[in-house]
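Asker: have a look; sequence and predicted model below, questions after that.
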There are 2 protein chains.
Amino acid sequence: MDLKALAAKNPEHWKKAAAIRALTLDAVAAANSGHSGMAMGMADVATVLFEKHMKFDAAAPNWPDRDRFILSAGHGSMLLYALLHLTGYADMTLDEIKNFRQWGAKTAGHPEYGHASGIETTTGPLGQGIANSVGFAIAEEILRATYGKKIQNHNTYVIAGDGCLMEGISQEAIGLAGRHELGQLIVLWDDNNITIDGTVELSDRTDQLQRFKASGWHVQAIDGHDPIAIDEALTAARKSKKPSMIACKTHIALGHAAQDTSKGHGALTDAAQLADAKAAYGWPYGAFEIPADVKAAWEAIGARGSAERAEWDSRFSGLSASKQAQFNRAFAAEAPKKLAAAIRKIKKDAAETKPKLATRSASEKTLQAVNPVMPETVGGSADLTGSNNTKTADMGIFDPENRAGRYIYYGIREHGMAAAMNGMALHGGIRPYGGTFMCFTDYARGAMRLSALMGVPTVYVMTHDSIGLGEDGPTHQPVEHLAISRATPNTLVFRPADITETAEAWEVALSQPSTPTVMALSRQGVPAVRHEYKSANLSARGAYVLAEAEGKRQAILMATGTEVSLALEARDLLQAEGIGTRVVSMPCMELFAQQDDAYRKRILPGGAVRVAVEAAVRMGWDQWLLGERGRESKAGFVGMTGFGASAPADRLYEEFGITAEAVVRKVKSLL
Amino acid sequence: MDLKALAAKNPEHWKKAAAIRALTLDAVAAANSGHSGMAMGMADVATVLFEKHMKFDAAAPNWPDRDRFILSAGHGSMLLYALLHLTGYADMTLDEIKNFRQWGAKTAGHPEYGHASGIETTTGPLGQGIANSVGFAIAEEILRATYGKKIQNHNTYVIAGDGCLMEGISQEAIGLAGRHELGQLIVLWDDNNITIDGTVELSDRTDQLQRFKASGWHVQAIDGHDPIAIDEALTAARKSKKPSMIACKTHIALGHAAQDTSKGHGALTDAAQLADAKAAYGWPYGAFEIPADVKAAWEAIGARGSAERAEWDSRFSGLSASKQAQFNRAFAAEAPKKLAAAIRKIKKDAAETKPKLATRSASEKTLQAVNPVMPETVGGSADLTGSNNTKTADMGIFDPENRAGRYIYYGIREHGMAAAMNGMALHGGIRPYGGTFMCFTDYARGAMRLSALMGVPTVYVMTHDSIGLGEDGPTHQPVEHLAISRATPNTLVFRPADITETAEAWEVALSQPSTPTVMALSRQGVPAVRHEYKSANLSARGAYVLAEAEGKRQAILMATGTEVSLALEARDLLQAEGIGTRVVSMPCMELFAQQDDAYRKRILPGGAVRVAVEAAVRMGWDQWLLGERGRESKAGFVGMTGFGASAPADRLYEEFGITAEAVVRKVKSLL
């Protein structure tokens, strides 16, 4: 590359891009770790994007109608931090840049949502950003249809690398975006032909343009160091009614000795090479030094959207008070007041009718009541709508003909669905939930962890939650998946026992501002276990006494979900033998763990034999069986010790020994 | 569809295909559950494949050079069971077909590897089969290069559905197969345009031919009910030097009232409709009745390969005794005798030199010794070769120019890698291992679970196993992933403390016939903790006393991996205060749990305070802290309670309070 010629051709552009490159080199050198090459390679593209296309106002980073910029190739975090600093985001100070990758800094190794304004999502695990972006774009379409294009009408821009495009999740995102003609979504592919192991050809020879085109995308290929070409391509992409992919041919670590090598992907910290690279840029400034004129030019870019934002504010003020309130409430992820009443009504009805229902059906009934009072919910399923019971009347189907549709057929794409839901939640204004079989937590894990890490209240509707699904067999029967979700920090895992607990679980889930929920729901029918109406949300405390011991309390049975009714049966048998038995329903361990000592002690006093029943592995239960005043010699577990099998559900419960009789035997063996 | 015309055009073919359809209808009706439509739609394709192309001998189902048939769309299991029964596989009796989806039957809801001959892999979770098939095809290429084409030269055939192709993992598989020009791999896509939620167009409009072509595949599109077209397409595919995809346009549930509908995907059990469908086929037979001439025709197909198989036997006998032994040993997944010596040598050297090493480097050193004595190992990494330390000298790189290469650049495809490794292990003759960061267990989970469920000894080399990876931050720092793998049945999770334990862990992993292993390895260096050479593999017992208490034993510290040296430091501090402290290293909880009571009691006697140290969440530890003679009042845990952060590793250990001093404080607070 003849950098001098490049600089001479577009000198003003060049300086702005060089500022990104220099800050990247300096920050990585100071941290002695990080990824230099991507930011250096994509600096031209990012500069043109921010200068000429991005609608944003650095002084109002939360402007709901801003364009979203998603750095899917999150290891290039310095690109984002440099842009935010240069354009004048108040919280991205030069000190933050200097503290790149240090304890307490906003400038984490990979962009962490919530650390600083302008970080729209957490990226790093490759492919997540591009899949989030589909959710951002869907959210924008739905809100545009809902509030009008004067209130919502923005683009979602993504920078994705080769790694993002090799990850399978990208195909799910590409297919979904193509199907729904998400024309405001624009992906800039950093086509640098380098991965960590070497050239891309070592592992892939996919023609990416042809691949995106096959899924209905508008595609272009440009020189990613030519600002004119970048500008023209972005203009064309914005005009296209299809989602757009622009292949930007770039040189990783442009201008550095490591240019075009896999070494250039990593931390370029050699002082002499760093100085050489800066010299090649014609950048005679010291470490972290940005000349005033360049900074001023960048700050002007950061302020470019200020008038437009002010106009938006005034348009927004023109909305009716109720529309404004709805918009603000949804963006604040606050549940409406009507939610509590809707839930109470379900509970009242349930106390009267005591329906025998699969909890997935209970969930559907709950959603039927909730969706009309929470217009911000957007439901969906990974091609299991009728099984997950996620669709309720009057939601409408989201597609290019019905942008106001609130139900999404995600296709057989659990991971893409989860990441898209995260994107919707991050965009704001939408509260997403989506379903698949509990076992396919495995497929969605990458995005489910990020819900928890980012603190977004995505709701995962995971039906067919145990061997109780029967004949489909062990590939479809979760045994370790409750433990998997419970092991994940900042995640509520609900396994409700009946319709009352299901409604209560939904109330908690839909009231979370920053915690995702996994709803583990049954395929098979279960009797109502809560016969008496109580206005209080008992499930919100995680565990509670469902049935008290008669006579001296000798045993405490703990159970979740479909095994709660089995624990009640066991209690009947034990009480008939004069063994006083309490049943504790424990729909959410995490919430129970958050209760104060006094409450926990009230529910799980010492002394009695404890037996837990759950059609899953024991991991996670010892905390309640052996801890919390429990003792090994007086504790037992009735559940699964290995994988399930294919047979009718009742037979499986018998064969795997998860029965009321087994619980009784276990209790008696411990007394 | 004019079935009569179809039948008239190819009457012999029609009857054979009708037998599959009839058995499918009968079995699903008897089970009152299952998936009828796929088997009915793809019966023609499968019939032509088995009749005219598949190299197999039903009397010798384990013939190592047989063609492999993989039903990636595993819900269509009756297609496979019908084929196996009709062609005369001894263990697929008519009774098994009649017991479809019942307890103890070989005919599980989805094909389960190990249940019956001819089930080459477990499918059901969509996309796994097509991704396994890439591993099968790679294994075949490597073995062909190793043993010659007279010993290995077979095709891998896959039937995949729309669901398989929508799952992201399929893109990883397609990209990998295209890159490596796996010309013996042939995918038959059941292009029926139906998913559970409705038509494919609801969620996808991808041009699949263009998509496969973009990754270097040979593609064809045919009428999947025309046996001539099917035959010609298979012939062309077999000739192609590229992997082949044949789009077979079919009608789901052909001939049934539910044909071409999503209802047809499920269980078609209505008696009248069933009778009508059979009538439409011209199939006047009773339930499960196969007329003798049709059964005979199918059995002739099953015996067609018998002469070829006998010739193969004689060619195999012509190999040198040592080649035969190597081949048989590798197919039996038996470790060579030399393995033990290689491991002992590493341990001896380590006892002398006591190297400070990251356990990922210790793993590399082990592989350097192991790979030369185990020619069946095939290593790789999901684009983190230099970080996972999975590549050793003289392996060679697998690619079209070097089919004998034993190292695979999988690209940024964790899920595809894991599934391909399963495919290699299932093929036989290969013992695969592959690396990524521990945190990306999340991406590979779907396939990792199947390793465990199928019982194949895939080894997952998961480096960067804690906050100890430092600056890359919480997206890359596993905290729940040890718990996730430990919660999974039939999985060994090793977290070795130093080079000696790492070598021992590899010895165990490479000796497993039917259990996968997760190796959790550190990025950061750790001191050697085993200073004395012992020939016995202490890690094989899961946990052992690394340092005994001096004086009265008041405390037992338990730790894994990088925290073992920290426990030793804590012990020094405690002993200096006169607090007798034992350190138990616990590299593999699963193996420790398998030891007898006496051994476990010897390692974890009652009485002393117990503190466990692991830079991860507590889940899974209560079994050893509170159980096994432990008590809540005398047990503590030093580890993580939430996600990590971006900073240098030492700082993170300090900030998250995982230090020798914290362990000392915890012990003293419990005494």
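Answerer: Everything's here; your move.
Asker: whichever residue of chain A sits closest to chain B: neighbour count?
Answerer: Closest approach between chain A and chain B, counting by CB to the nearest CB: A:Gly168, at 2.6 Å. To be clear about C-beta, it is placed using only N, CA and C from the backbone, and glycine gets the same treatment. For A:Gly168, the neighbour count with other CB atoms under 10 Å in any protein chain shown is 31.
Asker: residues from the stretch 451-600 of chain A in reach of chain B?
Answerer: Residues of the stretch 451-600 of chain A lying near chain B by CB under 8 Å from any CB of the partner chain: A:452-453, A:470-476, A:479-480, A:483-484, A:486-490.
Asker: touching, A:Ser361 and A:Asn389? I think so.
Answerer: Yes - contact criterion CB atoms under 8 Å: A:Ser361 and A:Asn389 qualify, at 5.8 Å.
Asker: neighbour-wise, which of those two wins?
Answerer: When A:Ser361 and A:Asn389 are compared for neighbours, A:Asn389 comes out ahead with 24 against 20, by other CB under 10 Å.
Asker: so A:Leu546, which state does it fall into?
Answerer: strand (DSSP: H, G, I helix; E, B strand; the rest coil).
Asker: returning to what we had before: against A:Ile246, how distant is the residue of chain A closest to chain B?
Answerer: 22 Å (CB to CB, to the nearest Å).
Asker: can you check the pLDDT for the nearest residue to A:Glu532 once chain neighbours are set aside?
Answerer: In space, and not counting its chain neighbours, A:Glu532 is closest to A:Ala351: 6.0 Å by CB to CB, 6 or more residues apart in numbering or on different chains. A:Ala351 carries a pLDDT value of 97.
Asker: keeping just the C-alphas, turn the strand or helix carrying A:Ala351 into CSV.
Answerer: A:Ala351 belongs to helix A:338-353 when assigned by DSSP states H and E. The C-alpha coordinates for helix A:338-353 follow below in CSV (Å, rounded to 0.1, in the frame of the first residue of the first chain):
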residue,chain,number,x,y,z
LYS,A,338,-52.0,-3.4,34.3
LEU,A,339,-49.7,-6.3,34.4
ALA,A,340,-50.3,-7.1,38.1
ALA,A,341,-54.1,-7.0,37.6
ALA,A,342,-53.8,-9.4,34.6
ILE,A,343,-51.8,-11.8,36.6
ARG,A,344,-54.1,-11.7,39.6
LYS,A,345,-57.0,-12.4,37.3
ILE,A,346,-55.4,-15.6,36.0
LYS,A,347,-54.6,-16.7,39.6
LYS,A,348,-58.2,-16.0,40.7
ASP,A,349,-59.6,-18.0,37.8
ALA,A,350,-57.1,-20.8,38.5
ALA,A,351,-58.0,-21.0,42.1
GLU,A,352,-61.6,-21.5,41.1
THR,A,353,-61.2,-23.9,38.2
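Asker: does chain B have contacts with the following helix or strand past it?
Answerer: Next helix or strand after helix A:338-353 toward the C-terminus (DSSP H and E): strand A:357-358. No - no part of strand A:357-358 sits near chain B under the criterion CB under 8 Å from any CB; the closest distance found is 15.4 Å.
Asker: elements contacting strand A:357-358?
Answerer: Here strand A:357-358 touches strand A:525-526, going by 3 or more CB pairs under 8 Å, 6 or more residues apart in numbering or on different chains; DSSP states H and E.
Asker: partner strands of the strand it packs on and their direction?
Answerer: strand A:357-358 (antiparallel) (DSSP bridges).
Asker: which residues touch the partner strand?
Answerer: A:365, A:498-499, A:521-526, A:528 (CB atoms under 8 Å, 6 or more residues apart in numbering or on different chains).
Asker: following element in sequence after that strand, please.
Answerer: helix A:359-370.
Asker: on that earlier part again, so what does the helix holding A:Ala351 touch, helix or strand wise?
Answerer: Checked by 3+ CB pairs under 8 Å, 6+ apart, helix A:338-353 has helix A:359-370, helix A:499-511 packed alongside it.
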